[in-house]
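> 3D, please:
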Amino acid sequence: MAALADRIASFFSGNDSTTDEGLRDLFISELKSVYYSEKRAVDALGDQAEASTTDEVGTAFFAHQEQSRIQVERLEEIFKIIGVKTEVRTADAIDGLISDAKRVVADTETGSLTRDAALIIAAQKIEHYEIAAYGSLLTLAKMLDFNQSTELLAQTLEEEKETDKRLTILAESFVNTGSKVEEDMHPGSHHESRHVAHSVDANVTLGGPLGI
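Purely as a prediction, here's the structure:
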């Protein structure tokens, strides 16, 4: 049996055929999980958009839903490129994150900015999961010299990072401040039913970020 140091050296030099095959299997497994996650996210984003209070947040979710559909198509293209049947592999992580997103809708007041703040937090948790998943897939693709797949994954990864930034900016621009004002005016009222608000003053720019 090869010494651990020799195996590690072969692994990183790309000279270990057994490891290379194992990495390919791992890449395919992770690809199927990301495919499942992205398809689930498409449906969840529509639900989150419908549950949102303001037009700004709803529009942001619908826009990302359309972007996610394109990302699903990219994953399907990768399946074709590597000659593997397109199929999903369930991922408990995304199922849990989407369940959390549904819970925040149930736990927040209809028509409140607190709901929008909670939805953005839930959405960013999903974004961070997807960023990690795509980053890992991209690393594997590079190690396997899957050049076409690398380009497609890199494009999606940058989109996910940009979406995360936009959600933070959206939170900073008005939702974080507005939800605090609501709570100050009506302590504990985010657990009660009030009138649905359809818009918010876009000039409100103070407040701290909800994301990272």
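> so where do the helices sit in this structure?
Assigned by DSSP state H, the helices in the chain fall at 4-13, 17-51, 55-81, 92-107, 113-143, 147-170, 176-185.
> go through those helices and find the least confident stretch.
Mean pLDDT is lowest for helix 4-13 among the helices of the chain, at a mean of 51.
> could I get the helices of the chain as CSV with mean neighbour count?
The C-beta positions use only the backbone N, C-alpha and C, and glycine is treated the same way. CSV is the format used below for these (neighbours: other CB atoms under 10 Å):
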stretch, mean neighbour count
helix 4-13, 12
helix 17-51, 18
helix 55-81, 17
helix 92-107, 15
helix 113-143, 21
helix 147-170, 18
helix 176-185, 17
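> not counting sequence-adjacent ones, nearest residue to the spatially most central residue of the chain?
Closest to where the C-alpha atoms of the chain average out (CA atoms, centre = their mean) is residue 127, at 2.4 Å. Leaving aside its chain neighbours, residue 127 sits nearest to residue 164 (4.4 Å; criterion: CB to CB, 6 or more residues apart in numbering).
> also residue 148?
Here the residue nearest residue 148, using CB to CB, 6+ apart, is residue 81, at 5.1 Å.
> wait, doesn't the one you found sit right on residue 151?
No. The pair residue 81 / residue 151 is not scored as a contact, 10.2 Å apart, by CB atoms under 8 Å.
> sorry, back to before: report the contact partners of the residue nearest to residue 148.
Counting by CB atoms under 8 Å, 6 or more residues apart in numbering, residue 81 touches 146, 148-149.
> quick one: it and residue 36, what's the gap?
Between residue 81 and residue 36 the computed distance is 19 Å (CB to CB, to the nearest Å).
> please apply the same query to residue 97.
Residue 97 sits 13 Å away from residue 36 when distances are taken as CB to CB.
> next, residue 90: phi, psi?
phi -60, psi 150 (degrees, to the nearest 10).
> touching, it and residue 36? I think so.
Yes. Counting by CB under 8 Å, residue 90 touches residue 36, with 5.8 Å between them.
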